[in-house]
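Engineer: my questions are about this predicted structure, shown below with the sequence.
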Amino acid sequence: MKTQPNKGDTKQILKTKISRYNPDEDDAAHFQNFSVPYTDGMTVLDVLNYIYEHHDPSLAYRWNCRAGQCGSCALIYNAKPCAACRTQIDPKKEVVIAPLVQFPVIKDLVVDLKPGLDKLNRLRPYVQRARVPERPERIQQEQLEPLKELRKCIECWACVSACPMVAEAWQEFAGPLSMRQLARLKLDPRDIEDRVRMAFAEGIYDCTTCKTCVEVCPKTIDIPAKAIEKLRAAIVETGLAPLEGHKLPLQLVKDTGRMVDKITTPFLEQVPEVSNVKNPTDEVAFFTGCLIDYRMQQTGKNILNVLQACNVKVHTPKNQSCCASPAFRIGRLDLGEKQVQINVDVFEKTGVDTVIAGCAGCGMTLKTNFSETMRKLRNEKPRFKVYDFTEYLVHNVGIERLQKALVKPQNTTVTWHQPCHLARSQGVVTEPLEVLQAVPGLKLKHMEEYERCCGSGGGVRAGRRALSMMMARRKGEFLMNSGVKTCVTECPFCAIQMKDAANLVGYEAESLNVADILARSLP
C-alpha cells in the first residue's frame, strides 16, 4: 500500500536513522541514514513506509492493522518503545528507529518474539476451566469490570522492552506483560489455576513499580497498580509473603508508626508544630515521611527554611506517621489502610487544605492510596490537596518569588536523577528542573538515562537487595560518566540508592535533595 502524503507543510526534511541488520551479510547491526519529507501528523510507521517505498524496499519491519490493535509494529523510536502506527513524529528532533530490545533481531526492525512467548505460554495464558459447582460457565457484566483495563493489552511487548528489571534479570522476573496476564486470569472467576502462586514464582516482588511500562504502553495500562499490587495483596493473604526483608519495616510501621528505627533525634522532635512567618502568603502542612523524620533531618529543616523564606506558614504535626507506601507496595492493605486513617485525621485537624510532601513515594501514596482508601472506608476523600515540594514551589509560590529568596550564588554543577514515583506516578516532571534552574549560578548537566529507575522502589531494595543493587550499579555508571560530583533528586529513597550506586562503581559523589541545594542559596 502506497503511503499517501498528509496535507500540510512538506518542506521540512527529517534526518532519519534506521537500525539495519541482515544476518546473511552483517556481523552486527548498524545505522543507515535517510531523508524523509515531514508532513503534519506523520507517524513512525509513515516514515518507515516512505523509506520502503521511496528509498529501500529491502527494509524489514512489521505492521498489520495500522489502528493500534494488533501490536505488531512495536519498535523503539528515539530511545522509547512504542507502537509505530500510533506514535507521531516530533519534527524538532532527529528520528532514530531501532528494534525492540530483549529479543533477537531477525532482520532490521523485525525481532523474534519467541523468548517472550515461551515465558508467557509457560503460564498457560488462557482461562483454565473445569465444570465444578463454584466456577461459573459464563461471566457476568459486573465481573468484567475489574478486568476491563487488563484486557486492553495488544501484546506488543513494548513494556517488556522498556522494563529496567527485565533488562537486568529477565530470568528471575517474568516481566510486566506476563504479570498483567496472570492478574487478568486471577480476576476471572472461571479460571481454576493458582495464578497467585504462579506470580510469586515468576518474581512479582522483583518489580520496582516504576511505571515505565505504563509510560510506553499504547493502551496506558497501569500494570503496577492494576496487576502487580493486586497480585501482591493476594499473595500476602495466602501467607507466601511478605519476604524476609520486608518483615522488619512492616513490623516497625505497625509498632512505631515508622518503617525505620530511631537512631538520632527525629526531625519532628527538633522543630515546632507551627513555623510562623510575618504576613504569610499561604499556610500549609508538611508531611515528612519516615526517612526525613528519622534519617535526613537536615533535609526536613531545609524544606521548612525554604518555605518560610518564601513567606509560607508551615504546620508540622507531631503525631503524623508513616504514609504506608511500603505496606501498599508489598500488599499489606490492612496495615496501609490503618495508617491512612491515622494520618488523614491528623492532617485534617490542622485545618489546612494544602499538604506538602518532601518524598516522592509519600507524595504518590498521599495522592493515590489515601484517596482510594478514604473512598472505600468512609465514602469520602481527604479534605486537603497534596503537592510535591517542587510542585508547590512552581505552581503556588512561583519561580519569581523563589528567586528573590535565593540570594547566594552557587558556582557548581549538579546532575538530576528523576524519581519514578515523582514523574511517572505524579506527573511532576519539569518542576524540579525549573526549581534548580532558579538557583543563581547553578549549572545542570543531565547524566545518561536520568529518568531510568534506580532500583529502590516497590519494596525491591528491602526485599530483593541483590537485584536492587544490579540496577543501582547501572545508575552509578551513568553518574560516573557524567563527571558531576553532586547528584540531586526529590526522593529520600532515591538519594540513598544513588549514593550506594556511586559507591558501587568507586565514584565519589554526594547525593542530595532539591531542598538541600536550595537552602545553600538562602541568606
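Structural biologist: Great, that's in hand. Numbers count the residues shown, from 1 in each chain.
Engineer: give me the helix or strand of this structure that scores worst on average pLDDT.
Structural biologist: Across the helices and strands of the chain, mean pLDDT, DSSP states H and E gives its lowest value to helix 141-144, namely a mean of 86.
Engineer: who touches that helix?
Structural biologist: Under the contact criterion C-beta atoms under 8 Å, 6 or more residues apart in numbering, helix 141-144 has outside partners 188, 189. Yep, even glycine has a C-beta here, placed from its N, CA and C like the rest.
Engineer: mind checking what secondary structure residue 286 has?
Structural biologist: Here residue 286 is recorded as strand under DSSP: H, G, I helix; E, B strand; the rest coil.
Engineer: test my guess that residue 242 contacts residue 327.
Structural biologist: No. With contact defined as C-beta atoms under 8 Å, residue 242 does not reach residue 327; the gap is 9.4 Å.
Engineer: looking at these two, which is more packed in?
Structural biologist: residue 327 (29 against 24; other C-beta atoms under 10 Å).
Engineer: just the pLDDT for that one.
Structural biologist: Note for residue 327: predicted pLDDT of 98.
Engineer: next one: residue 135
Structural biologist: Note for residue 135: predicted pLDDT of 78.
Engineer: kindly report the same for residue 130.
Structural biologist: On the pLDDT scale, residue 130 is placed at 75.
Engineer: which ones are touching the closest residue to it other than its chain neighbours?
Structural biologist: What sits nearest to residue 130 in space, not counting adjacent residues and going by C-beta to C-beta, 6 or more residues apart in numbering, is residue 192, at 5.0 Å. Each residue near residue 192 by C-beta under 8 Å, 6+ apart is listed here: 128, 129, 130, 132, 135.
Engineer: skipping its backbone neighbours, what lies nearest the second one in space?
Structural biologist: Spelled out, that is residue 129. residue 190 (5.4 Å).
Engineer: try the first one
Structural biologist: Nearest-residue entry for residue 128: residue 193, 4.6 Å, with adjacent residues in sequence omitted and distances by C-beta to C-beta, 6+ apart.
Engineer: same thing with the last one?
Structural biologist: Ranked by C-beta to C-beta, 6+ apart and with sequence neighbours excluded, the top spatial neighbour of residue 135 is residue 190, at 5.7 Å.
Engineer: in stretch 410-419, what's buried?
Structural biologist: If you call a residue buried by 16 or more other C-beta atoms under 10 Å, then stretch 410-419 has these buried ones: 410, 414, 415, 416, 417, 418, 419.
Engineer: as a markdown table, those with secondary structure and distance to residue 523 would be great.
Structural biologist: Listed next are the buried residues of stretch 410-419 as a markdown table, based on DSSP: H, G, I helix; E, B strand; the rest coil; distance: C-beta to C-beta, whole Å:
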| residue | secondary structure | distance to residue 523 |
| --- | --- | --- |
| 410 | coil | 14 |
| 414 | strand | 21 |
| 415 | strand | 27 |
| 416 | strand | 25 |
| 417 | coil | 28 |
| 418 | coil | 30 |
| 419 | coil | 29 |
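Engineer: all helices of the stretch 201-350 of the chain, in order?
Structural biologist: Listed in chain order, the helices of the stretch 201-350 of the chain (DSSP state H, counting those that start in this stretch) span 212-216, 223, 229-238, 244-256, 290-294, 297-309, 325-330, 333-348.
Engineer: how about these in JSON lines, adding distance to residue 87?
Structural biologist: Formatted as JSON lines, the helices of the stretch 201-350 of the chain follow (distance: least, C-beta to C-beta, whole Å):
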{"stretch": "helix 212-216", "distance to residue 87": "10"}
{"stretch": "helix 223", "distance to residue 87": "19"}
{"stretch": "helix 229-238", "distance to residue 87": "28"}
{"stretch": "helix 244-256", "distance to residue 87": "38"}
{"stretch": "helix 290-294", "distance to residue 87": "38"}
{"stretch": "helix 297-309", "distance to residue 87": "39"}
{"stretch": "helix 325-330", "distance to residue 87": "30"}
{"stretch": "helix 333-348", "distance to residue 87": "36"}
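Engineer: out of those helices, which comes closest to residue 283?
Structural biologist: helix 297-309 (10.4 Å; C-beta to C-beta).
Engineer: that closest one - contacts with which helices or strands?
Structural biologist: strand 274-275, strand 282-287, helix 290-294, strand 312-315, strand 510-513, helix 514-519 (3 or more C-beta pairs under 8 Å, 6 or more residues apart in numbering; DSSP states H and E).
Engineer: tell me what angle it forms with strand 282-287.
Structural biologist: 170 degrees (axes from the mean of the first three to the mean of the last three C-alpha atoms, to 10 degrees).
Engineer: ok, residues contacting helix 297-309?
Structural biologist: So helix 297-309 is in contact with 264-267, 270-271, 275, 277, 284, 286, 288, 292-293, 314, 316, 356, 358, 389, 393, 405, 492, 513, 515-516, 518-519, 522-523, going by C-beta under 8 Å, 6+ apart.
Engineer: from residue 124, how far off is the residue nearest to residue 128?
Structural biologist: 6 Å (C-beta to C-beta, to the nearest Å).
Engineer: tell me which of those two has more neighbours.
Structural biologist: With neighbours defined as other C-beta under 10 Å, residue 193 and residue 124 compare such that residue 193 has more, 18 against 15.
Engineer: ok so, going back, pull the most distant pair out of the contacts of residue 192.
Structural biologist: The most widely separated members of the contacts of residue 192, counting by C-beta to C-beta, are 128 and 132 (11.7 Å).
Engineer: picking up where we left off before, just the helices of the stretch 201-350 of the chain: most buried one?
Structural biologist: Most buried of the helices of the stretch 201-350 of the chain, by mean neighbour count (mean count of other C-beta atoms under 10 Å): helix 325-330, with a mean of 29.
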